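Asker: Generate a structure from the sequence data that follows.
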Amino acid sequence: MADILKRLVPKRFQKKGVVIPVVRLHGPIMSGGSRFRPALNLSSIAGQLEKAFGMKDSPAVALSINSPGGSPVQSRMIYDRIRALAEEKNKRVLVFVEDVAASGGYMIAIAGDEIIADATSIVGSIGVVSGGFGFPELLKKIGVERRVYTAGENKVILDPFQPEKESDIEYLKTLQLEIHEIFIDMVKARRGGQLADDPALFSGLFWTGRKGLELGLVDRLGGMREEIKTRYGKDARLELVGAQKGLFGRRAPGIGAFGSVDQIAAQAVAGLAETLEEKALWGRYGL
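Answerer: A predicted model of the protein is given here:
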């Protein structure tokens with residue numbers, strides 16, 4: 001509606017200056033999501049990206065990233081969509097790091113043609129991590145017998161209710177190494193010319209924005225507003241592209257819509273587990 005009204009206003013009465021759309025990519029990167037914890041994934045952000053890159057008069061799209069990472073699949077999917085839209089619409093992508101762009105968050109960040117961070121931002125963590133819990137003795141203590149029937153000798157690999165097996169761990173590590181190699185190749189392809197020759201670069205360590213500049217993980221230090229006005233003039237404006245809303249200002253139906261009492265209860269339980277997982281992700285970076 002705002003775009004329609006804008007087109008009806010004569011150009012001489014419209015505000016002057018370049019408009020740069022801003023898309024916020026904030027939070028842990030996970031598939032799914034709920035009303036209690038909206039997730040950052042391609043499904044949740046695709047509409048905003050399409051709208052931002054579809055603004056014809058804007059020479060660039062600004063991405064605000066604040067994410068400790070999460071799903072490598074969703075991270076790569078978001079990265080691919082950003083690059084595809086940038087090439088299709090011929091737009092420059094400027095990435096601005098807030099608190100954190102680490103792990104999957106940094107994978108998304110390298111979709112930018114330039115990465116600008118605060119000196120105290122956290123960047124990097126180019127690695128792969130898997131975590132979980134083991135409960136092999138819990139069932140015995142509460143008097144429950146676990147019964148599992150499978151077709152395929154590896155269908156219960158990494159089962160948390162069975163003792164950990166060295167063969168399971170080794171298999172998991174092969175998957176991690178393969179994903180890690182893909183991540184490294186992406187970083188080298190996008191930033192190979194800027195990267196420092198440092199053996200720790202792909203070790204999973206993370207650094208401040210200032211150190212990240214030395215290592216070639218970011219291009220410069222600064223903030224979004226100042227950078228945009230420096231590039232496009234003092235009259236340049238930032239326009240936040242929000243999630244699509246329905247006719248009465250509510251979010252469009254989809255993730256998090258209320259259902260039955262059972263569904264609401266299930267969402268609450270899932271939300272608690274997801275909140276704990278989210279806190280663990282942020283906690284790695286002291287946040």
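Asker: Sketch out the helices for the protein, chain order is fine.
Answerer: Using DSSP state H, the helices of the chain run over 2-8, 42-53, 72-89, 104-109, 138-141, 166-191, 209-215, 224-232, 261-283.
Asker: Just give me the longest strand of this protein.
Answerer: Counting residues, the longest strand in the chain under DSSP state E turns out to be strand 92-102.
Asker: Relative to that one, what are the paired strands and their orientations?
Answerer: strand 60-67 (parallel), strand 114-117 (parallel), strand 122-124 (parallel) (DSSP bridges).
Asker: Can I get these in a markdown table including mean pLDDT and distance to D80?
Answerer: Placement of C-beta: from N, CA and C, glycine included. Converted to a markdown table, the strands paired with strand 92-102 look like this (pLDDT from 0 to 100; distance: least, C-beta to C-beta, whole Å):
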| stretch | mean pLDDT | distance to D80 |
| --- | --- | --- |
| strand 60-67 | 97 | 14 |
| strand 114-117 | 98 | 18 |
| strand 122-124 | 96 | 21 |
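Asker: looking at those, which is closest to V18?
Answerer: strand 60-67 (8.7 Å; C-beta to C-beta).
Asker: residues of the closest one that come out buried?
Answerer: A60, V61, A62, L63, S64, I65, N66, S67 (16 or more other C-beta atoms under 10 Å).
Asker: Dump the strands paired with strand 92-102 into CSV; add distance to Y171 as well.
Answerer: What follows is these, written out as CSV (distance: least, C-beta to C-beta, whole Å):
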stretch, distance to Y171
strand 60-67, 28
strand 114-117, 35
strand 122-124, 27
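Asker: so where's the stretch 1-150 of the chain shaky on pLDDT?
Answerer: When residues are selected by pLDDT under 70, those of the stretch 1-150 of the chain lie in 1-15, 33-38, 129-140, 143-150.
Asker: And for V93, the neighbour number?
Answerer: Applying other C-beta atoms under 10 Å, we find 21 residues neighbouring V93.
Asker: Could you do F96 as well?
Answerer: Burial of F96 is recorded as 26 neighbouring residues (other C-beta under 10 Å).
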